[in-house]
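Colleague: Sequence first, then the predicted structure:
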Amino acid sequence: MAVRSVLALPAAAQIAARSAATTTGLTAARLEGTTAAALTLAGVVVGGLALGRRTGSRRNRAVMALAAAVVGLAMGVVNLAAADGGPGTGNGVIGGGAAVVLGLVGTALGGLALNRARRTG
């Protein structure tokens, strides 16, 4: 019986350390990462709409897509640079990573739409 309790102590310490490292709830960094990801997602959607529409204010949509994507991309990069832990630590790493990827896609879509708007007039 005493051997089992001695062997169980290191396992319990590992479980406690793992649960202490995982943060639940909304932290300020998670909110920043989520906001950046949502902003870049909006840039992707608006950029896709600007590319798909033949009429209307394509140039305005393209500029809005570029602005949203670049600002969200910058927020995501800053969030990732300031994070001192990985996923699950409350630093918003997942949202920051998503913002970087979506920001690149939104910038490309906005740039293509702006280029098309300049050519068609």
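Modeller: All right, it came through fine. These figures come from a predicted structure and were not determined experimentally. Residues are numbered from 1 along each chain as shown.

Colleague: Which residues does the helix or strand hosting residue 38 contact?
Modeller: Residue 38 belongs to helix 28-52 when assigned by DSSP states H and E. Residues outside helix 28-52 that contact it (CB atoms under 8 Å, 6 or more residues apart in numbering) are 58, 61-62, 64-73, 75-76, 79, 82-83, 90-96, 98-99, 102-103, 105-110, 112-114, 116-117. C-betas here are computed from N, CA, C, even on glycine.

Colleague: Stretch 66-76 now?
Modeller: 32-33, 35-40, 42-44, 46-47, 95-100, 102-107, 109-111, 114.

Colleague: Report the buried residues of it.
Modeller: 66, 68-76 (16 or more other CB atoms under 10 Å).

Colleague: so residue 80 makes contact with residue 94?
Modeller: No - with contact defined as CB atoms under 8 Å, residue 80 does not count as touching residue 94 (10.2 Å).

Colleague: So which of those two has more stuff around it?
Modeller: For residue 80 versus residue 94, the count of surrounding residues by other CB atoms under 10 Å is larger for residue 80: 18 against 15.

Colleague: From residue 120, how far out is the more buried one?
Modeller: 37 Å (CB to CB, to the nearest Å).

Colleague: the helices in this structure, which residues?
Modeller: 2-21, 28-52, 58-82, 93-120 (DSSP state H).

Colleague: any weak-confidence spans in this structure?
Modeller: Where the chain drops to pLDDT under 70, the residues are 1-23, 55-56, 121.

Colleague: so what's residue 65 up against?
Modeller: 43-44, 46-47, 50, 106, 109-110, 113.

Colleague: Of these, grab the buried ones for ChimeraX.
Modeller: ChimeraX command restricting the contacts of residue 65 to the buried ones, with burial defined by 16+ other CB under 10 Å:
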select :43,44,46,47,50,106,109,110,113
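
Colleague: Could you dump the contacts of residue 65 into TSV with distance to residue 25 added?
Modeller: Listed next are the contacts of residue 65 as TSV, based on distance: CB to CB, whole Å:
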residue	distance to residue 25
43	28
44	28
46	31
47	33
50	37
106	29
109	34
110	34
113	38
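
Colleague: For residue 53, give me its contacts.
Modeller: residue 61.
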